[in-house]
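> missing the sequence, but the structure's below:
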């Protein structure tokens, strides 16, 4: 069930972002994740997940949010390492702790050249991001008539406290290469289309996005304490290289007040906490 405006802002205020929920050890891959107690019950489907695994047994369903072109972009933020997992980003980065570290890296990480990995000297930019990092970017969209801004509070208003939410997601491999993708071309910068706030562009050549029902997330949520909120996720299954200078330029000046990489949380693997991917 969707909550009130006040409850939503409180739940998302810790980091003003979407993170994930924890899970038990995945014996097949040798991965350990946070949480060892009883799985929470009575909640809707949770996020993040392995998008190559389609099965899910959570019985709580809700209507998919409209396509992002029919919604308002309300927030952009990113995480170091991928929160989700897919064939193309499946290098396990460890558990991390306190919501930071962990997640997955793009498989091409091990094939980067010395030039792509060479450091850059910037005085202002994205704190905690360097060449060779994997990042997962979230473009958050809302059905409310709102303008983009800081945190998830910008995705709703006093007159629209229960919005449909959609997160368009892309995993990038950060490189020192001006020929790589320019993050500025996927930023906001006041762009509107048909009266709706929109990013200037979103990736279109990294595979067909995998769409599924999930949740908002945050450090307070674990596999034992689930998120009650409802989100339609759209995760592109392939990595793309992004030029680190363009990312630093965006962090230096953006309406979302984002200037650092957020931490990731661990995959949800319990089928009772996952929706079925159609």
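Thanks, I have it. Everything quoted here is computed from the prediction, not taken from an experiment.

> what's around the nearest residue to residue 85 once chain neighbours are set aside, how many residues?
The spatial neighbour of residue 85 that comes closest, neighbours along the chain excluded (C-beta to C-beta, 6 or more residues apart in numbering), is residue 50 at 4.3 Å. Where C-beta positions appear, they are placed from N, C-alpha and C, glycine not excepted. Using other C-beta atoms under 10 Å, residue 50 has 18 other residues around it.

> Could you double-check that residue 50 lies in contact with residue 269?
Yes. In this structure residue 50 lies within contact range of residue 269 using C-beta atoms under 8 Å: 7.5 Å.

> three-state assignment of residue 179?
With DSSP: H, G, I helix; E, B strand; the rest coil as the basis, residue 179 sits in coil.

> Would you mind measuring from it to residue 239?
Distance, residue 179 to residue 239, by C-beta to C-beta, to the nearest Å: 16 Å.

> Now do the contacts for residue 277.
Neighbouring residues of residue 277 by C-beta atoms under 8 Å, 6 or more residues apart in numbering: 51, 53, 54, 55, 56, 210, 211, 212.

> hang on, isn't the fifth one packed against residue 274?
Yes. Applying C-beta under 8 Å, one finds residue 56 in contact with residue 274, separated by 3.5 Å.

> can you list residues touching both of the two?
With C-beta under 8 Å, 6+ apart, residue 56 and residue 274 have common neighbours residue 45.

> Is it correct that residue 119 is in contact with residue 130?
Yes. Contact criterion C-beta under 8 Å: residue 119 and residue 130 qualify, at 6.7 Å.

> Comparing these two, which residue is more hemmed in?
Each of residue 119 and residue 130 has its neighbours counted (other C-beta under 10 Å); residue 130 has more, 14 against 10.

> part of a helix, is the more buried one?
No. With three-state DSSP as the criterion, residue 130 is coil rather than part of a helix.

> quick revisit: so residue 56 and residue 274 - more neighbours on which side?
residue 274 (24 against 21).
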